[in-house]
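below is the sequence, then the predicted model.
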Amino acid sequence: MSEVAVEQQVSQITGTVVDGKGEPLIGVAVQVKGTAKGTVTNFDGQFTLDVKQGEWLIFSYIGYTTQNLKAAPGMRIVLSEDTQKLDEVVVVGYGSTTKRAMIASVSTVNAEAMENIPITNLTQGLAGRSKGLIVSGNGGGINKKQTISIRGGGTPLVVIDGVIRDYEDFVNLPPEDVEALSILKDASATAVYGSRATNGILQVTTKKGSVGKPEVEYNFNQSWSQPAIWPDVMDSWDRAHYANIARRNDGLAEEFSPEAIQTMRDGSDPLNYGNWKWRDIVLRNWAPQTKHNFRMTGGTEKNRYYVSLGHIDQNSLYKTNTHYMKRSNFRLSQSSVIEAIGLKTSVTLDGYAQKTVHPYSSTTSALTANSNPYYQVFSHIQNKSPLTPALNSMGLPFNTSDNPVAETSAEAGYSHLRQKAINGNISLEWMIPGVKGLSARANGNYHYYLETAKYWRKDAPQYAWDSDEPLIANNPTLSHSTKTEYQYNLQYFLAYNQTFGKHSVDALAGFEATYNKGDSYSEGRENYLFNVDQIFAGPADTQTNSGTEWESGRCGWIGQVKYNYDNRYFVEAAIRRDGSDNFPKNHRWGTFFSGSLGWIVSDEAFMTFLKDKHILDMLKVRASYGQVGLDNWTSGSPYEIGRFEYLPSYGMDAKGYVLNGKYYPVFTEGGIPSRDITWFTTDQFNIGFDFASLNNRLYGSFDYFYYSTTGFLYSPDPLKVGYTGPLGQSLPRVSTDGELRRAGYEFQLGWRSSIGAFKYDVSTNFTHYGELWNIQPSESETALMNPYTRSTQEYGYYGSMWENQGYFTSAEDVYNSVWPTGSHSLTAGDIKYYDFNGDGKLDGSDNHRLGRSANKPRGNYGINLNLSYKGWSLNVLFQGSTSFDMYAGDALRMNSGQLGKLPVIYDFQTDFWTPENRDAKFPRLMATPGSNGNNNYQYSDFWLINCRYFRMKDFKIGYDFKYSLLKNVKWLTKANVALSGQNIFTISDATKYGLDPENASMENYGYPNERTLAISVNLGF
């Protein structure tokens, strides 16, 4: 028999798979390498398989290390437990640890899951992916940023590769460049960052070079977006029909005759009785987006490199393409090792350039990095009557106020925003000779940011009905602004890491300093006589300009010690001494600390039985306490600290005065300095546990957390201190006993396993928190005395308002009930209110706390499903929230005083009260709210809408052609094609009102959240 014939001979082999103790393993996947052929072990751990001589077998099982062995008769395979997950390195603070040794409250996000899904920035891919991470939508639109908090706090601190960075840098970081994303939540994890760590930390580790020959990877993603939830607007004839009903209910004559309504239907008089579909005219069905990403990595043990280039081209729903975003990113990383002197070096350079363009609107201000430019144009699309022409008889924009056709025209003005950022980092680490485990590290970072905005306020031509001659418009106006920011960061650390038998010590001491400076200026001119959008072209006598400069600094001393015994008992302590120029010298420094304990209970001797039987493979309990700081409060809050508020200040009045023909400016004295300004401090307590069971297939964790923030400043009540204002100034802010508390819990529970070649991982996470003012400095004594309306020591409600009792059912019911002051002409179908205090009248004293959390949920969850089978993969993410309320605005309430003659806009608004429809969603229809004294539009819980929701947030189904079809193409290492989507469907009571619960606004005027479908290709070479 020839050698080839022997190679192809097929024989049947049997074998047994056991664990380290000799126990048979059931359901182990046994696959012939390079083929789709395979089987699984039976209850005795045995398998039978037909193989060719020389073939290799792959043995894989959840919780155990995979083995590759050459096929042979009578095989006995021993699989060892996979400790890789526990030994996996997690970046925490200024160092790293393993998952096993981690006793801080830290969650991780699977960065790979966010690759090749249709998102334009990192915030759009985080919702539902980790416990403790709360992400809420703010509507759709170009590069729309989501709001992120950790456990319900404010905006978290962003740390990228060990350096504190701007939130905007995190937003624009390509998911393809993210190696790991950690969520640092308790004081044990955050105290080393001191002054800005109160709200938790988003810690990102970017990809670096790898050892081996050059690897090139290219990702392409093409997506199309449309509104996920946006109710259709009714036709003009239907709206006219309901307008007539409203007028009849008010005892008025009908507005529209049957002939007029028929004219609307047949379209014979589009000027006076048309059916103009504003959305269809202004918007297209799908908004396209294209993403490219190119990466290359490689190197040796001594030199590694990583290169990444990316580009996004995103368009909006406007047909005219007058709103778009283009962004290009780059990242270069190089690391070297000089073994002779024990030195490691790393250099990284990254940055982006972005241009965003938005159409002009007469009521929209210039774009900034954090502005929302969509409200006005979209409110005009929503509010315009279908009877008002959008175009004239020649197809040109009709002359009407706030015409979105003109606003989105290419001939209209524009708002341009250009952003550029570059970041450079150099890191040196030296293994100090003579002392094993001792190292020194220095890190320097430079960040530059440039933002330029240009706002050309120019009306697009509008036309009379039968004319192609543009009507005279206002002269254009131009404004231009520039902002430049610089940040310098230096870090110096001395680290010691050593193991003595069963004792391990990891210590860190260091110093960090950050310096920020920046400047901005703006200029503008008005009444341009020509369409030349340059400053020089405008009349010089209309010129305006302004500018400002700023700088700030922080520095801190850092110390941290970690100790563990037998990799079983863990103790950690950290301290940071921080200084900030937000405070006067006597309050400038603050000390923050943390301590934590951990115990792997499952490694104890008394747990051996449970561990051997895989009833409990791992159980770790942990607890931490600490105090972290914050050197300023949320912008716009009454507790925000002004820059140099502790110093005397002066202002300059531009009016000034003229003396002897010479102009002199006037200087004014600022407020009285606040000498008590000092740190906000948050005491944090966390207790939790992590576990794994059933061969590590069942896994989970639980945490309880409690935060207490103090240090609030507030101006005292002048009457309390006998101050009558003799200085003409308000009192300075002083330290108070204000305290804000936040507490809650979070958990994760998952199951991962395999059945032959089919592998799956299902997990869920949930976070719930409550927040209240234990002592609120800004609430007056009078308000505190009312237990029904005060906000101090209360939480989880929408607001203080009247309580509704449904509808009046009859004239007798109206007669026998209490009316609001000012109400009249009430009848069945009007809203009835509860006389809360029983005094026989309805007024402000009947207000009391009602509803659920205002505009944001207290409970958030995610459900992740990951499946794979023979080259196929399916990833699905469901996300949702518990109950929270939104208050319906005038358009949703059909408050026709705001909407002219056609109060009914949407189909769902036809569910109003009639004698035949007494359980209606809305009260009886009215043409004018004043017809019953505005009774139905009082501030009450009737108009609260529960916005809890369940949503398919993301899905991706893909196939790896390298699995079979292209497996022999050596030069191709990856060949994945995937279909993906975002915001696929939503289940919520809010949708009954045409609202997206993640974009719940009172009027539904914003750019809607988008449903996105995409195709992606991932190639590796």
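Yes, it's here. Residues are numbered from 1 along each chain as shown.

okay, and for the stretch 351-500 of the chain, where does confidence drop off?
In the predicted model of the stretch 351-500 of the chain, residues 361-373, 375 satisfy pLDDT under 70.

which positions within stretch 892-912 qualify as buried?
892-896, 899, 902-906, 909-910, 912 (16 or more other CB atoms under 10 Å). Where C-beta positions appear, they are placed from N, C-alpha and C, glycine not excepted.

what pLDDT, on average, does that stretch get?
For stretch 892-912, the per-residue pLDDT values average out at 77.

just how off-centre is that stretch within its chain?
33 Å (CA atoms, centre = their mean, to the nearest Å).

would CSV of the buried residues of stretch 892-912 with secondary structure and distance to A187 be doable?
Formatted as CSV, these follow (DSSP: H, G, I helix; E, B strand; the rest coil; distance: CB to CB, whole Å):
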residue, secondary structure, distance to A187
L892, helix, 43
R893, helix, 46
M894, coil, 50
N895, coil, 48
S896, helix, 54
L899, coil, 52
L902, coil, 57
P903, coil, 54
V904, coil, 54
I905, coil, 50
Y906, strand, 49
Q909, helix, 50
T910, helix, 55
F912, strand, 54
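
max pairwise distance over these: which two?
Comparing every pair within the buried residues of stretch 892-912 by CB to CB identifies N895 and T910 as the most remote, at 16.3 Å.

my guess is Q543 contacts N527. True?
No - the pair Q543 and N527 fails to qualify as a contact (CB atoms under 8 Å) at a distance of 11.1 Å.

nearest residue to the residue nearest to the spatial centre of the chain other than its sequence neighbours?
In the chain, the residue lying closest to the centroid (CA atoms, centre = their mean) is Q146, at 3.1 Å. Counting by CB to CB, 6 or more residues apart in numbering, T123 is the residue found nearest to Q146 once chain neighbours are left out, at 4.1 Å.

my read: that neighbour touches V135, true?
Yes - applying CB under 8 Å, one finds T123 in contact with V135, separated by 6.9 Å.

between these two, what contacts are shared?
Both T123 and V135 are contacted by 146, 148, under the criterion CB atoms under 8 Å, 6 or more residues apart in numbering.

still on that earlier bit, so who does the residue nearest to the centre of the chain touch?
123-124, 126-127, 135-138.

from the residues you listed, which land in strands?
With strands defined by DSSP state E, the entries of the contacts of Q146 inside them are 135-136.

and the furthest pair within the contacts of Q146?
Of all pairs drawn from the contacts of Q146, the greatest distance, 13.7 Å, lies between L126 and N138 (CB to CB).

and the two? which has more neighbours close in?
In this view L126 and N138 are compared by other CB atoms under 10 Å, and L126 has more residues nearby, 22 against 18.

ok, that one to S522 distance?
The span separating L126 from S522 equals 34 Å under the rule CB to CB, to the nearest Å.

S107 sits in which helix or strand?
Secondary structure from DSSP states H and E places S107 in strand 106-109.

and that strand, what's buried?
Within strand 106-109, the residues that count as buried by 16+ other CB under 10 Å are 106-109.

tell me the two of the residues you listed that are most distant?
V106 and V109 (11.0 Å).

overlap of the contact sets of those two?
Shared contacts of V106 and V109, defined by CB under 8 Å, 6+ apart, are found at 182-183.

point out where this protein drops to low pLDDT.
Within the chain, the stretches falling below the threshold (pLDDT under 70) are 1-9, 36, 63, 82-88, 361-373, 375, 654, 717-730, 896-901, 1000-1004.

so it: which segments form each domain?
The record's domain split for the chain, according to automatic domain parsing, is 3-81, 85-212.

okay, these, which one's buried deepest?
With neighbours defined by mean count of other CB atoms under 10 Å, none of the domains of the chain is more surrounded on average than domain 85-212, at a mean of 22.

now F691. Nearest residue, chain neighbours left out?
Leaving out its chain neighbours, the residue that sits closest to F691 by CB to CB, 6+ apart is L619, at 4.9 Å.

whoops, Q684 was the one
Taking CB to CB, 6+ apart, and ignoring the residues beside it in sequence, Q684 has A187 as its nearest neighbour in space, at 4.1 Å.

tell me the bridge partners for N686.
S624, F705 (DSSP bridges).

check contacts around it.
Counted by CB under 8 Å, 6+ apart, N686 has contacts 105, 185-188, 622-625, 703-706.

distance of it relative to A410?
Looking at N686 against A410, where the rule is CB to CB, the gap reads 55 Å.

ditto for F747
When CB to CB is the yardstick, F747 and A410 sit 53 Å from each other.

those two: who's more crowded?
Just comparing F747 and A410: by other CB under 10 Å the higher neighbour count belongs to F747, 19 against 10.

can you pull the contacts of that one?
F747 touches 131, 700-703, 765-766, counting by CB under 8 Å, 6+ apart.

can you give me the helices for the stretch 101-250 of the chain?
Assigned by DSSP state H, counting those that start in this stretch, the helices in the stretch 101-250 of the chain fall at 167-171, 187-190, 236-249.

whoops, I mixed them up, the stretch 601-750 of the chain
Ranges of helices in the stretch 601-750 of the chain, per DSSP H, counting those that start in this stretch, are 608-612, 718-721.

out of the contacts of F747, who's the most crowded?
Of all the contacts of F747, the most densely surrounded is K131 (28 neighbours; neighbours counted as other CB under 10 Å).

might one say that it is in contact with T764?
No - between K131 and T764 there is no contact under CB under 8 Å: 9.2 Å.

joint contacts of these two?
Among the neighbours of K131, those also in contact with T764 (CB under 8 Å, 6+ apart) are Q748.

any chance you could map the strands in the stretch 851-1000 of the chain?
For the stretch 851-1000 of the chain, the strands defined by DSSP state E, counting those that start in this stretch cover 859-869, 872-881, 885-887, 944-946, 949-960, 974-988.

would TSV of those with mean neighbour count be doable?
Formatted as TSV, the entries for these read as follows, by neighbours: other CB atoms under 10 Å:
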stretch	mean neighbour count
strand 859-869	19
strand 872-881	20
strand 885-887	23
strand 944-946	19
strand 949-960	21
strand 974-988	19
